[in-house]
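Starting from these lines, generate the structure:
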Amino acid sequence: MKKKYYCVRQRDITDCGAACLATICMQYGKEISVARLRELCKTDKFGTTAYGLILAAQKLGFEAKAVRCSKEGLYSNLPLPAIAHVVIDGKLLHDVVLHRVTQKEIIVADPSKGIVKLKPDEFLGMWTGVLILLVPSEKFEKGKGEGILRKFFKLLIPQKRLILDIFILSIVYTILGIAAAFYYKILMDEVIPNLLESTLHAVAVGVVIITVFKTILGAFRIKLLMVLGQRLDIKLMLGYWEHVIKLPMSFFDTRRVGEIISRFIDAGKIREAVSGATLSLMIDTIMAAAGALILYMQSPKLFSIAVVMVILYGVVVWLFNKPLKEANRKEMGDLSRILCFHFIAHIVELQYIVTTFFKNRYSVFPLASTQVLSL
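Numbering: from 1, shown residues only. You can find the predicted model right below:
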C-alpha cells in the first residue's frame, strides 16, 4: 500500500520552518495552523531558527534534537519524517521535510513547491548536513482542527433565509429558461410544418410573458446576490479587523505590512468563492440532474455527447488545477510584497511632506526677523 505524504504549504517566505513542523504534525495525525506554529517557534521577519523549531516541537509533545549528519548517515535508520536544512540557489536558507530516503530517490515536502522527488545528488547538493529529528512522545496528542466545511457553514447559517430566497428564485428562473427553450421545438416541429398561425400567436405571447417574468426574477436574484455578498463582506472584514486590533504588538513585529493588508483584499475572493460555491452546490447540481434527465428523454444521443463533454471538461480541470493553484499562490505572495512596498513608500512620502511643511513654516520667522532688523 502506497504511503500518503503530507505537505503544508507556506504562506510567506519566512514560514518554511513552521510549515515543515505543521507537515510533520499532520503526518502523525495532528492538525495545527502555520500561524499558531509561528507563535510557538518565535518566527520573525527573518524566519525561524532551529532552536525555535525544537522548542515548539517539544511543546507539541515531540522529542526533538538537531544533529549534523554525514552523507552515509542519511541512509541509516533515521526517524522520518525529519526537517532538513537546505540552501536554495546557493543563497536562500530554506527548510524541507524528509519523508523517504533511498539510494534511487529522496522524497521531500517542500513548503514552497509541495511533494518533490529528488535524485540523491540533487538533494545532497543543497543540503547543509543539518537535520532536526522529531519523534512523538507520550505527551503528543492527535487532533483535527476546525474543518473547512465547518467554517463554510458558519458563514452561511446566519444567511439561511436569504440563501433560501435566492435558491427558490434561481429554481424558478431556470425552469422559465427551460420552458422558453421548448418554444423553438414547438415552433419548428409543430407550428411551422402545420401552418398553425393562431397557435403561433398564442405561443409567442406566452414566450413574451415568460421572458418578462424571467427578466424580473433575474433582477431580484441579482439584487439578493448583491445583498448576500455585502453581508458576507461585512462578516469577513469586521471579523478580521476585530481580530487584528486585538493582536499583541509582537504579532506585527513578525509580519510584513503587505502580508496583513493583503488579507483584507483576500476577503473579497473568499466572499466570491463562498457565494459561488453555495449557489453551485444548491442550484447547479439540481439543475444539472434535471437537465440531464430532460435531455436523455429528448435525445439519448445528445445526452451521451454531453456526458463525454463533461468528462473531458473534468479532465481539463484536473490537469490545470495544480498550475492554477501555484499561479494563485504566487499572485498572493507578489501582491503582499507590492502592497508592502507601496505602503512603505507612502509612509516615506508622508514623512517627507510633514517634515518639509514644518521646516518651511518655521523658517519664515528667522527670515522675517532678519528683514525687520535690516530696516
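
Check the gap between A288 and L217 for me.
From A288 across to L217, the span is 20 Å (CB to CB, to the nearest Å). (Each C-beta comes from the backbone N, C-alpha and C, glycine too.)

again, but for A179
Taken as CB to CB, the span from A179 to L217 is 12 Å.

Neighbour count for the two, which is higher?
More neighbours surround L217 than the other of A179 and L217, with 17 against 13 (other CB atoms under 10 Å).

ok, the more buried one - contacts?
Applying CB atoms under 8 Å, 6 or more residues apart in numbering, we find L217 in contact with 169, 172-173, 176.

gap between K30 and Y313?
K30 is 37 Å from Y313, where distance means CB to CB.

Tell me which of those two has more neighbours.
K30 (19 against 10).

what pairs with the more buried one across the strands?
Assessed by DSSP bridges, K30 has beta-bridge partners G143.

Do a quick rundown of the strands in this structure.
Using DSSP state E, the strands of the chain run over 62-68, 82-88, 92-101, 106-110, 114-118, 127-136.

Could you tell me how far the last one lies from the centre of the chain?
For strand 127-136, the distance from its own C-alpha centre to the chain's C-alpha centre is 30 Å (CA atoms, centre = their mean, to the nearest Å).

same thing with the fifth one?
Taking CA atoms, centre = their mean, one finds strand 114-118 lying 21 Å from the centre of the chain it belongs to.

The first one too?
Counting by CA atoms, centre = their mean, strand 62-68 is centred 32 Å from the centre of its parent chain.

what residues does that strand touch?
24, 50, 53-54, 57-58, 129-137, 140.

Would you check which pair of these lies furthest apart?
Greatest spatial distance among those (CB to CB): G129 and F140, at 27.2 Å.

so where's the stretch 151-300 of the chain shaky on pLDDT?
Residue ranges of the stretch 151-300 of the chain with pLDDT under 70: 151-152, 240, 243-244, 246-284.

ok so, going back, of the contacts of strand 62-68, keep whichever come out buried.
24, 50, 53-54, 57-58, 131-134, 136, 140 (16 or more other CB atoms under 10 Å).

and of those residues, the nearest to A327?
Distance to A327 across the buried ones among the contacts of strand 62-68 (CB to CB) is lowest for I24, with 27.7 Å.

burial count for E122?
13.

okay, now the closest residue to it other than its chain neighbours: neighbour count?
The shortest distance from E122 to any non-neighbouring residue, by CB to CB, 6 or more residues apart in numbering, is to I106 (8.0 Å). When neighbours are counted by other CB under 10 Å, I106 registers 24.

I106 against V86, yeah?
No: using CB atoms under 8 Å, I106 makes no contact with V86, being 11.2 Å away.

overlap in contacts of these two?
Joint contacts of I106 and V86 (CB under 8 Å, 6+ apart) are F123.
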